[in-house]
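**Student:** got a sequence here, can you build the structure:
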Amino acid sequence: MEEHNLETLLQHYREGDQAALGRIVDQTRVPLYRFIYGLVRDPHVAEDVFQDVWIRAIKGLHRYQSDRLLAWLFRIARNRVIDLSRKRKPDYSLQQPVASPEQSGSTLETFIPHKDRGPGQHTQNHELALRIQDAVDKLPLEQREVYLMRTEADLPFKVIAQTQNVSINTALARMQYALRSLRELLADDYEALLTQSRTS
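**Tutor:** Model prediction:
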């Protein structure tokens, strides 16, 4: 997604093209929703937050003067999720990405058993998925945000840095710390992840 396209659409919207707003929402839906869902792990809550982000964004568009629309939207989402996190207990999701360079692009769904696998394999995969999710939950909030924005929303580090209002080097460092922590937390499971991915 190119930020300047969003800014062009925003300008069209400000000039009276109502359809431009719908195109902005459509273009930001996947990365924004994935980020929110990765933090709240509930599709209904994620959809509510996504809609709330846009309600707040539309109300604030007349004050928005930056050229970083996507980062601004993620910042609104981040603040809303932080507010909600004080009121909710975390849930578990089997759609969380696996954190290792060798497993790039793999999600926990990779390890959900196929229908031809037995109940013992299903139990093993489910427990492994929960351990991975638990490890992600243990990350400090800033690292978990970077991790989710990168793995779930596929955002470039420039936008991640803008969203967190930090330098690109800080965003990169947070991602490295997150991956290192996850590898340490999942050290006992790492070989099992590699073995299962080779046999899937």
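**Student:** isn't Arg29 right up against Phe50?
**Tutor:** Yes - with contact defined as Cβ atoms under 8 Å, Arg29 and Phe50 form a contacting pair (7.4 Å). All C-beta atoms are positioned from the backbone trio N, CA, C, and that covers glycine.
**Student:** more neighbours, the two?
**Tutor:** Comparing Arg29 with Phe50 by neighbour count (other Cβ atoms under 10 Å), the higher total belongs to Phe50, at 21 against 12.
**Student:** now do the same for that one: its pLDDT.
**Tutor:** We have a pLDDT of 94 for Phe50.
**Student:** which secondary structure element is home to it?
**Tutor:** helix 43-60 (DSSP states H and E).
**Student:** got the CA positions of that helix in CSV?
**Tutor:** The C-alpha coordinates for helix 43-60 follow below in CSV (Å, rounded to 0.1, in the frame of the first residue of the first chain):
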residue,chain,number,x,y,z
PRO,A,43,-13.2,-10.9,15.6
HIS,A,44,-16.2,-9.1,17.0
VAL,A,45,-14.1,-6.8,19.2
ALA,A,46,-11.7,-6.2,16.3
GLU,A,47,-14.5,-5.2,14.0
ASP,A,48,-15.9,-2.8,16.7
VAL,A,49,-12.5,-1.3,17.2
PHE,A,50,-12.0,-0.9,13.4
GLN,A,51,-15.3,0.9,13.1
ASP,A,52,-14.5,3.0,16.1
VAL,A,53,-11.1,4.0,14.6
TRP,A,54,-12.9,5.3,11.5
ILE,A,55,-15.5,7.1,13.5
ARG,A,56,-12.8,8.9,15.4
ALA,A,57,-10.7,9.4,12.3
ILE,A,58,-13.6,11.0,10.3
LYS,A,59,-14.4,13.3,13.2
GLY,A,60,-10.7,14.3,13.3
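**Student:** please spell out which residues along that helix are buried.
**Tutor:** Val45, Ala46, Val49, Phe50, Asp52, Val53, Trp54, Ala57 (16 or more other Cβ atoms under 10 Å).
**Student:** make TSV out of those and add distance to Ala71.
**Tutor:** Shown next, in TSV, are the buried residues of helix 43-60 (distance: Cβ to Cβ, whole Å):
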residue	distance to Ala71
Val45	23
Ala46	19
Val49	17
Phe50	16
Asp52	18
Val53	13
Trp54	15
Ala57	12
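**Student:** of all those, which comes closest to Gly16?
**Tutor:** Ala57 (18.1 Å; Cβ to Cβ).
**Student:** for the helix or strand that contains Arg180, buried residues please.
**Tutor:** If you go by DSSP H and E, Arg180 is part of helix 168-185. Buried residues in helix 168-185, counted by 16+ other Cβ under 10 Å: Thr170, Ala171, Leu172, Arg174, Met175, Tyr177, Ala178, Leu179, Ser181, Leu182, Leu185.
**Student:** centre-most residue in this structure?
**Tutor:** In the chain, the C-alpha closest to the average C-alpha coordinate belongs to Phe35, at a distance of 2.8 Å (Cα atoms, centre = their mean).
**Student:** where does the spatially closest residue to that residue that is not a sequence neighbour land in three-state SS?
**Tutor:** Distance criterion Cβ to Cβ, 6 or more residues apart in numbering; nearest residue to Phe35, sequence neighbours excluded, is Ala153 at 4.4 Å. Here Ala153 is recorded as coil under DSSP: H, G, I helix; E, B strand; the rest coil.
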